[in-house]
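In: Structural data only, the sequence is not supplied:
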């Protein structure tokens, strides 16, 4: 379903500019706010820019603040959804290199056996959706740790 | 060696939905409270980026950018990043720069002024 424009809605002009500004700002930060129809707004965390995954209530609250004073809207929050197809053996290897993680680390920390890991890297076979998600959140933990420490040392 | 404008321009093409970049380290800014400088508002395209970079180099060395679907231009601004513990200072800075909102990047939350 296509989103409709803010200008097509009966939103008072005094609020329209600040709502438009907020929608643009949130989009820059990986959060899309779209008017689905005259009474429904969808807020979606489509990208992670700093690893912070917002839950339903947090998304709802942000949309509610954006729309404050503009009328009554039904808010539909859509939490971040992992693009599972983007997790490939090449992606995993890039992340290992970026974060300084060895195959032995993966064996120890993800409770994998060496044969399974070799299979992942040689052919991608056995790399199930669950395994892909485990890799994603495993690396995200490392990234967050690195970024927090970098930030603290500045 | 590529100059800084080329590097940021290239970064913008790779991150059209939006970014906040420390141009000294060429690394994304992920935490803190971002406040745009009034001086670089409405800067777009390569020329605009050049102006923003000059301003950022003299200030907080941070550039924000995004692709505007409506007019199909890249927009850029020079940004000052405050620690979350300095919220009051960030708000005062935003007001002084005539901003209608600032953004808490750490908590992914807009703060209207």
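Out: Received it, and whenever you're ready, just let me know what you need. What you see is a predicted model; the values in this text were computed from it and never measured.

In: pLDDT below threshold where in chain B?
Out: B:1-2 (pLDDT under 70).

In: what do you get for chain A?
Out: Ranges of chain A meeting pLDDT under 70: A:1-2.

In: Spatially nearest residue to the residue of it found nearest chain B, not counting backbone neighbours?
Out: Distances between chain A and chain B by CB to the nearest CB are smallest at residue A:28, namely 2.8 Å. From N, CA and C alone the C-beta is placed, and that goes for glycine too. Excluding the flanking residues, the one nearest residue A:28 by CB to CB, 6 or more residues apart in numbering or on different chains is residue B:18, at 2.8 Å.

In: can you count the residues close to that neighbour?
Out: Residues lying near residue B:18 (other CB atoms under 10 Å in any protein chain shown) number 20.

In: Compute the number of surrounding residues for residue 79.
Out: Reading this off chain A. By other CB under 10 Å, 13 other residues sit near residue A:79.

In: my bad, the chain I had in mind was chain B
Out: Using other CB under 10 Å: residue B:79 sits among 28 other residues.

In: Quick check: the gap between residue A:135 and residue B:85.
Out: From residue A:135 across to residue B:85, the span is 34 Å (CB to CB, to the nearest Å).

In: the more surrounded of these two?
Out: Using other CB under 10 Å, the more surrounded residue of residue A:135 and residue B:85 is residue A:135, with 22 against 10.

In: From the rest of the structure, what touches the helix or strand where that one lies?
Out: In the assignment (DSSP states H and E), residue A:135 maps to helix A:129-153. Under the criterion CB atoms under 8 Å, 6 or more residues apart in numbering or on different chains, residues A:48, A:50-51, A:82, A:84, A:87, A:92, A:95, A:99, A:101, A:109-110, A:120, B:30-32 lie in contact with helix A:129-153.

In: Would you tell me which residues of chain A are close to chain B?
Out: For chain A, the residues in contact with chain B (CB under 8 Å from any CB of the partner chain) are A:17-18, A:21-22, A:24-31, A:47, A:49-52, A:54, A:62, A:65-66, A:147-148, A:151.

In: Restricted to strands, list those residues.
Out: residue A:31 (DSSP state E).

In: filter the residues of chain A next to chain B to the buried ones?
Out: Among those, those scoring as buried are A:18, A:21-22, A:24-31, A:47, A:49-50, A:52, A:54, A:62, A:66, A:147 (criterion: 16 or more other CB atoms under 10 Å in any protein chain shown).

In: bridging residues for residue B:104?
Out: residue B:33, residue B:109 (DSSP bridges).

In: what's near enough to touch it?
Out: Applying CB under 8 Å, 6+ apart to residue B:104 gives the contacts B:33, B:84, B:87, B:110-111.
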